[in-house]
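Participant: heads up, no residue letters with this:
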């Protein structure tokens, strides 16, 4: 694990055990997923039965049986990208990150974020994770919520990461360490994006924070 090799703080236990309150953020997206599945299944059964009864013919019933699955699949996959306002996660993201937080510890990283595009709830950004020599150790693409993005002066800050830098994972804002706000982060290939020049003095201060972070104080 690069963070441990660099001397940055790493939680002694998986993220979900270190900050159990973070799991509250996953309740609504996962409830939405379960509700959507139930609705799709009920719709899949109800429409052919209703159509068959109303038409009184096997042809109508057969046509409904053919059309209903297509409609349900379109609706199901169309809703995959819907974000729950309270958490900013889609249900596929919540489902994936729930497993990551159960298995992986929090890593504390000094970083710089650069905006890719703004959105209503904050900004889509590239997060450049910084090594002790201030080179870029990894790049993640994520949607930071508004209060997180606005709190990062000139895009600099300390963020938590849980997962694998090769594939992505969870990015968290530790401004409230007991209840960090989590965002889904995907890995960006090396060389695909480059960070602009930075403030070395500010980075050094962030590195000291990352090294000295104490999870036992939560």
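Facilitator: Great, that's in hand. Keep in mind that this is a model prediction, so the values were computed, not measured.
Participant: for the longest strand seen in the chain, name the packing helices and strands.
Facilitator: Counting by DSSP state E, the longest strand found in the chain is strand 105-119. In terms of contacts (3 or more C-beta pairs under 8 Å, 6 or more residues apart in numbering; DSSP states H and E), strand 105-119 is packed against helix 2-6, strand 10-14, helix 15-18, strand 122-130, strand 136-145, strand 156-164, helix 200-212. (Glycine included, C-beta is placed from N, CA and C.)
Participant: in a markdown table: the ones you listed, plus distance to residue 192 and mean pLDDT.
Facilitator: Listed next are the helices and strands packed on strand 105-119 as a markdown table, based on distance: least, C-beta to C-beta, whole Å; pLDDT from 0 to 100:
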| stretch | distance to residue 192 | mean pLDDT |
| --- | --- | --- |
| helix 2-6 | 18 | 93 |
| strand 10-14 | 26 | 94 |
| helix 15-18 | 27 | 90 |
| strand 122-130 | 9 | 91 |
| strand 136-145 | 7 | 92 |
| strand 156-164 | 17 | 95 |
| helix 200-212 | 22 | 90 |
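Participant: near residue 20, how many other residues are there?
Facilitator: Neighbours of residue 20 under the rule other C-beta atoms under 10 Å: 12.
Participant: excluding chain neighbours, what is closest to residue 110?
Facilitator: With sequence-adjacent residues excluded and distances taken as C-beta to C-beta, 6 or more residues apart in numbering, residue 110 is closest to residue 206, at 3.5 Å.
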